[in-house]
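Colleague: Here's a sequence, model it:
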Amino acid sequence: METAEFEKLAIPIALVVDDDPLILMDTADMIAGEGYAVVEAKTADQPYDFLDRHSSLQLLFTDVQMPGKRDPTRATCISPLQTQHTDQG
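Modeller: Modelled structure (predicted):
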């Protein structure tokens, strides 16, 4: 989805990150069932790519042991990025 499309959505946006395709699919389905528009990320770098293009993120659900990032600091790193994006708009 393009940035303008995300910003027009009347429902909250969730970013689900996992390198295991079955877990990613099941988790995305579960969160979508709770009323979120879900964006799926299969690599540790994709959340950053998403946030570079979009500022509308209400939920981050992430695997903390993925290739490329093997610690729980991802949410800590993304939080300031999200705040930065939110402050710009």
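
Colleague: By mean pLDDT, flag the weakest helix or strand of the chain.
Modeller: helix 74-88 (a mean of 46; mean pLDDT, DSSP states H and E).

Colleague: Can you show me the strands along this protein?
Modeller: 13-17, 37-41, 59-62 (DSSP state E).

Colleague: for these, which one ends up most surrounded?
Modeller: strand 13-17 (a mean of 23; mean count of other Cβ atoms under 10 Å). C-beta here means a position set from N, CA and C on the backbone, and glycine is covered the same way.

Colleague: about what we covered before: pipe the strands of the chain into JSON lines and attach mean pLDDT per row.
Modeller: Output for those, formatted as JSON lines (pLDDT from 0 to 100):
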{"stretch": "strand 13-17", "mean pLDDT": "90"}
{"stretch": "strand 37-41", "mean pLDDT": "91"}
{"stretch": "strand 59-62", "mean pLDDT": "86"}
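
Colleague: And those: which comes nearest Leu51?
Modeller: Minimum separation from Leu51 across the strands of the chain (Cβ to Cβ) falls at strand 13-17, 8.2 Å.

Colleague: Which elements pack onto the closest one?
Modeller: Under the contact criterion of 3 or more Cβ pairs under 8 Å, 6 or more residues apart in numbering; DSSP states H and E, strand 13-17 touches helix 21-32, strand 37-41, helix 46-53, strand 59-62.

Colleague: With adjacent residues omitted, what lies nearest to Asp63?
Modeller: Leaving aside its chain neighbours, Asp63 sits nearest to Asp18 (4.3 Å; criterion: Cβ to Cβ, 6 or more residues apart in numbering).

Colleague: Relative to Ile13, which of the helices and strands packed on strand 13-17 is closest?
Modeller: Here strand 37-41 is closest among those (Cβ to Cβ), at 5.3 Å.

Colleague: Neighbouring strands of that closest one in the sheet, and parallel or not?
Modeller: strand 13-17 (parallel) (DSSP bridges).

Colleague: re earlier: I'd say the residue nearest to Asp63 and Met25 touch.
Modeller: No: in this structure, Asp18 is not within contact of Met25 by Cβ atoms under 8 Å, at 9.0 Å.
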